[in-house]
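Peer 1: Sequence isn't available, so here's the structure alone:
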């Protein structure tokens, strides 16, 4: 049974406090809270994460204890610490909180909160001007003149706007501006155009000549095609759990592996249900998974496993956000 989570922000607007000094500004800091409620009768483990919107970046937000066990009918509060580095472009931004059950595929129970907005104030650096420094500066101007000023001028370059460009277009535009393309991360979005949606240094900010600028590119992940074991394949009694294999998905940074086994109670009024035995993320290009050494969860009461197992695979982007899941395959380990 999927938990119908309810997530609500503690406030609609985030207040930020500047740190550091006028000469050396520090990050703008603040805190957010989100309340997550389990309205169902059964306890469940919830995963909380921040979803950055326009003008926001995921590294600004640190979630305190991102996984919690929530009893049925109760709520928990997540504390999010905010630290926005000095020098980020001034302007508005917004974020949302997203929750889902730790033991189910994220897309089955995912819920998002309303938007929380914030505003980044312009960074103003006040430079002290002691009398002796002014005297030295005046002497330099007199002796060296305009040529000396040009020699001592820092070789900074303005960062161009990259949003909406393809990866190659962004690379070329940075090269034309005297900069380089740094880390490229990919985020799954429906209807993706494979274009830049975030850049680590904002448009118009200055960066040292030749320095890298990181970007986030949109992609559209597809559902993995399952290979082995084949759907409805049977294995003899006492056979070990088979290795799962599937086809690689373009742009996938990893995969979520989910397995469930059928449990049935005995007697005339026998009932059956599926118990999650695997729900794990595998980072990297590997397209197989071996359950060797996995500890199966206990079966309570007089119920027994029938030998039926179903499994499915979900591709993940660089931020471990899921794409569409494969349809489930089933296999049997015969009891007799």
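Peer 2: Ah, there it is. Because the structure is a prediction, the values reported are computed rather than measured. Numbering: from 1, shown residues only.
Peer 1: quick one, what contacts residue 92?
Peer 2: Counting by CB atoms under 8 Å, 6 or more residues apart in numbering, residue 92 makes contact with 54, 55, 117, 118, 119, 120. Just so you know, the C-beta spots here come from the backbone N, C-alpha and C atoms, and that holds for glycine as well.
Peer 1: List just the nearest of the residues you listed to residue 241.
Peer 2: Nearest to residue 241 among those is residue 54, at 45.3 Å by CB to CB.
Peer 1: quick one: the closest one and residue 96 touch, right?
Peer 2: No - here residue 54 lies out of contact with residue 96, judged by CB atoms under 8 Å, at a distance of 11.4 Å.
Peer 1: between these two, which one's more packed in?
Peer 2: Using other CB atoms under 10 Å as the criterion, residue 54 and residue 96 rank with residue 96 on top: 18 against 12.
Peer 1: now the helix or strand where that one lies, how far from the centre of its chain.
Peer 2: Here residue 96, judged by DSSP states H and E, is contained in strand 91-101. Centroid separation for strand 91-101 versus its chain: 11 Å, with CA atoms, centre = their mean, to the nearest Å.
Peer 1: Quick check: buried residues in that strand?
Peer 2: 93, 94, 95, 96, 97, 98, 99, 100, 101 (16 or more other CB atoms under 10 Å).
Peer 1: Stretch 228-248 now?
Peer 2: Of the residues in stretch 228-248, 229, 235, 241, 242, 244, 246 count as buried by neighbour count, 16+ other CB under 10 Å.
Peer 1: Tell me which stretches of the protein form helices.
Peer 2: Using DSSP state H, the helices of the chain run over 106-109, 131-152, 167-176.
Peer 1: Next up, the contacts around the nearest residue to residue 107 once chain neighbours are set aside.
Peer 2: With CB to CB, 6 or more residues apart in numbering as the criterion, residue 107 has its nearest non-adjacent residue at 5.8 Å, and that residue is residue 322. By CB under 8 Å, 6+ apart, residue 322 lies in contact with 105, 106, 107, 188, 221, 256, 314, 315, 316.
Peer 1: hmm, 7 Å instead?
Peer 2: Residues near residue 322 by CB atoms under 7 Å, 6 or more residues apart in numbering: 106, 107, 256, 314, 316.
Peer 1: which ones are touching the closest residue to the first one other than its chain neighbours?
Peer 2: Same thing as residue 106. Nearest residue to residue 106 in three dimensions, chain neighbours excluded: residue 100, at 4.4 Å (CB to CB, 6+ apart). Residues in contact with residue 100 (CB under 7 Å, 6+ apart) are 47, 106, 109, 110.
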